[in-house]
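S.K.: Give me coordinates for this.
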Amino acid sequence: FTGVSVTKEDIGSPTLLAHSGVASLAAKDEDEALEVFESLIEFLPDNHLCDIPVSYTDDEIGRETKLAREAVPENAQAGYDMREVIGDICDEDSVLEIRPNYAPNMLTCFALLNGRAIGIIANQPISRAGTIDIEASRKAARFVSICDAYNIPILTLVDTPGFEPGKDLEWRGMIRHGAELVYAYAVASVPRLCLIIRKSYGGAYIVMDSKNLGNDWCGAWPT
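M.R.: Numbering: from 1, shown residues only. Okay, here's the model as predicted:
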């Protein structure tokens, strides 16, 4: 119809759907798909009226998070992998990243804290310097809404220099999409905690669950 020659893989492969954010997770075969699905539903209650499930963990709740501290450089311009921080803060081997290939500058994960499910939204400094663009805003907004629908508390880890500037983003309505994230946080009724790792500037400070959006607790690392 459009006159463009494409294959099924070009417009509907698992790789494409995972990259575009249509698919939350992708697996190499049916066995892996079942494992991923089982991991996902372990974080979710039976329905939206139930409390979140509690899992047994032998990971000491009071242990020091040395790996997280070592992962974050003092230089605000230096990059690092926020996944290392998330993995060290949460119960060992409990993190399940959602839409990992879509908008990689924003991380969305389910994880456990002392056996209880939480949702994590975090800037990713090693991708686009942790700036927020349209896709990152939409990815985070949808995940906040999912957590709110299933009574899952939200932890937001912030390290962003701001919204990504550019003519293309402005023409596509960056402010409109950024507002989706503001709205998602503002209407969420679940417990919300925000931890600023290094920096939080401009409009990106506002949308990343700032204190003025009504979160329950906001803190910052000493640096």
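S.K.: Next secondary structure after the helix or strand of the chain with the lowest mean pLDDT?
M.R.: The least trusted helix or strand in the chain, going by mean pLDDT, DSSP states H and E, turns out to be helix 167-171, with a mean of 78. Per DSSP states H and E, the first helix or strand lying C-terminal to helix 167-171 is helix 174-187.
S.K.: ok, residue 8 - contacts?
M.R.: Residues near residue 8 by Cβ atoms under 8 Å, 6 or more residues apart in numbering: none. To be clear about C-beta, it is placed using only N, CA and C from the backbone, and glycine gets the same treatment.
S.K.: picking up where we left off before, what sits up against the least confident helix or strand of the chain?
M.R.: Contacts of helix 167-171 (Cβ under 8 Å, 6+ apart): 133-134, 163.
S.K.: quick check: longest helix of the chain.
M.R.: Counting residues, the longest helix found in the chain (DSSP state H) is helix 134-149.
S.K.: May I have the next helix or strand after that helix exported as PDB, CA atoms only?
M.R.: Following helix 134-149 in sequence order, the next helix or strand is strand 154-160 (DSSP H and E). Only the C-alpha atoms of strand 154-160 are listed here, as PDB (Å, rounded to 0.1, in the frame of the first residue of the first chain):
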ATOM      1  CA  ILE A 154       7.600   3.000  43.800                       C
ATOM      2  CA  LEU A 155      11.200   3.900  44.200                       C
ATOM      3  CA  THR A 156      12.700   6.600  41.900                       C
ATOM      4  CA  LEU A 157      16.400   6.900  41.500                       C
ATOM      5  CA  VAL A 158      17.400  10.200  40.000                       C
ATOM      6  CA  ASP A 159      20.600  11.200  38.200                       C
ATOM      7  CA  THR A 160      19.700  13.500  35.200                       C
END
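S.K.: Report the inter-axis angle for strand 154-160 versus helix 134-149.
M.R.: 160 degrees (axes from the mean of the first three to the mean of the last three Cα atoms, to 10 degrees).
S.K.: Name every strand pairing with strand 154-160 and say which way it goes.
M.R.: Paired strands of strand 154-160, with direction, are strand 116-123 (parallel), strand 192-200 (parallel) (DSSP bridges).
S.K.: thought residue 155 was touching residue 112?
M.R.: No: assessed by Cβ atoms under 8 Å, residue 155 is found out of contact with residue 112, at 11.5 Å.
S.K.: what's the overlap in contacts for the two?
M.R.: With Cβ under 8 Å, 6+ apart, residue 155 and residue 112 have common neighbours residue 118.
S.K.: Contacts only, for residue 219.
M.R.: 193-196.
S.K.: sorry, back to before: most surrounded residue in the contacts of helix 167-171?
M.R.: Top of the contacts of helix 167-171 by neighbour number is residue 163, holding 24 neighbours under the definition other Cβ atoms under 10 Å.
S.K.: That one and residue 133, how far apart?
M.R.: Taking Cβ to Cβ, to the nearest Å as the measure, residue 163 falls 7 Å from residue 133.
S.K.: what residues are shared contacts of the two?
M.R.: 169, 174.
S.K.: one step back: can you tell me which of the strands paired with strand 154-160 is packed in deepest?
M.R.: strand 116-123 (a mean of 24; mean count of other Cβ atoms under 10 Å).
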